[in-house]
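[1] fold the following and give me the result.
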Amino acid sequence: MGTQVGEYIVGAYLQIIEKCDFVGYNVKPQSGGIEGLSEFDVLGLRFSDEAAFMCEITTHLNGPNYGSNYDVTINKIKNKYGRQKEYADKYLDNFSNKRFMFWSPVVPNGRMTTELEYLGNDDLECIFNAEYTKLIDELRDIAKKEKKDTGNPFFRTLQILEHLRRE
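    Now for the predicted structure:
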């Protein structure tokens with residue numbers, strides 16, 4: 001599957017805000033076979049401080065929904081988080097600063113936010129609702145000032161929108 005807009009949003013954050021030297025999309029383990037079928041959405045690498053960012057993204061506007069109920073969705077997120085950790089252990093041992101992230105613009109308040117916040121108490125950074133909006137607003141502020149094309153289609157769209165001329 002091709003790169004989706006939500007992945008470009010997170011990629012823009014990693015490239016512009018976190019200053020990652022490399023951003024990859026739909027990252028799969030190198031081993032192939034069954035293990036090679038699983039992927040995560042975005043990988044960012046910042047070499048100056050050996051930081052690696054492994055990100056899962058869902059951009060469903062009615063909240064993350066990977067199945068028929070909350071339990072299925074939470075288990076899927078936990079499994080994706082586990083695959084991020086496995087990937088980091090296997091392929092990113094040269095990076096001393098590993099960050100695991102789950103991004104979603106909309107998460108209904110209640111059980112889902114509680115479950116995600118619980119996962120966040122481990123080392124999974126859950127970026128959703130107001131925090132997601134805050135980070136997008138940071139990108140918008142930079143897009144107002146910058147005119148150089150960074151190669152990220154989402155950030156370029158923000159730049160165009162922020163530089164529109166009004167009568």
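
[2] going forward, measure contacts between C-alpha atoms and count neighbours the same way
    OK.

[3] what ranges does this structure have for its strands?
    Using DSSP state E, the strands found in the chain span residues 22-27, 40-46, 51-57, 97-104, 124-128.

[4] between these, which one is nearest to K147?
    The closest of those to K147 is strand 22-27. By Cα to Cα, the value is 20.4 Å.

[5] any idea how far F95 is from G151?
    Separation of G151 from F95 (Cα to Cα, to the nearest Å) stands at 25 Å.

[6] longest helix in this structure, by number of residues?
    helix 70-91 (DSSP state H).

[7] returning to that earlier point: any chance of the strands of the chain in CSV with distance to K144, mean pLDDT and mean neighbour count as columns?
    Shown next, in CSV, are the strands of the chain (distance: least, Cα to Cα, whole Å; pLDDT from 0 to 100; neighbours: other Cα atoms under 10 Å):
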stretch, distance to K144, mean pLDDT, mean neighbour count
strand 22-27, 22, 94, 18
strand 40-46, 24, 95, 22
strand 51-57, 25, 96, 23
strand 97-104, 24, 95, 20
strand 124-128, 23, 90, 21
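
[8] ok, which of these comes nearest F155?
    strand 22-27 (13.7 Å).

[9] strands paired with that closest one, and their directions?
    Here strand 22-27 has these sheet partners by DSSP bridges: strand 40-46 (antiparallel).

[10] which residues are contacting the partner strand?
    7, 10-11, 14-15, 18-28, 51-57, 80, 83-84 (Cα atoms under 8 Å, 6 or more residues apart in numbering).

[11] ok so, going back, tell me which of G151 and F95 has more neighbours.
    Using other Cα atoms under 10 Å, the more surrounded residue of G151 and F95 is F95, with 17 against 10.

[12] so how many other residues sit close to the spatially closest residue to that one that is not a sequence neighbour?
    Among residues not flanking F95 along the chain, E50 sits closest, at 4.5 Å (Cα to Cα, 6 or more residues apart in numbering). For E50, the neighbour count with other Cα under 10 Å is 14.

[13] OK, contacts around E50?
    So E50 contacts N94, F95, S96, N97 (Cα under 8 Å, 6+ apart).

[14] which of the residues you listed lies closest to P64?
    Nearest member of these to P64, counting by Cα to Cα, is N97, at 27.2 Å.
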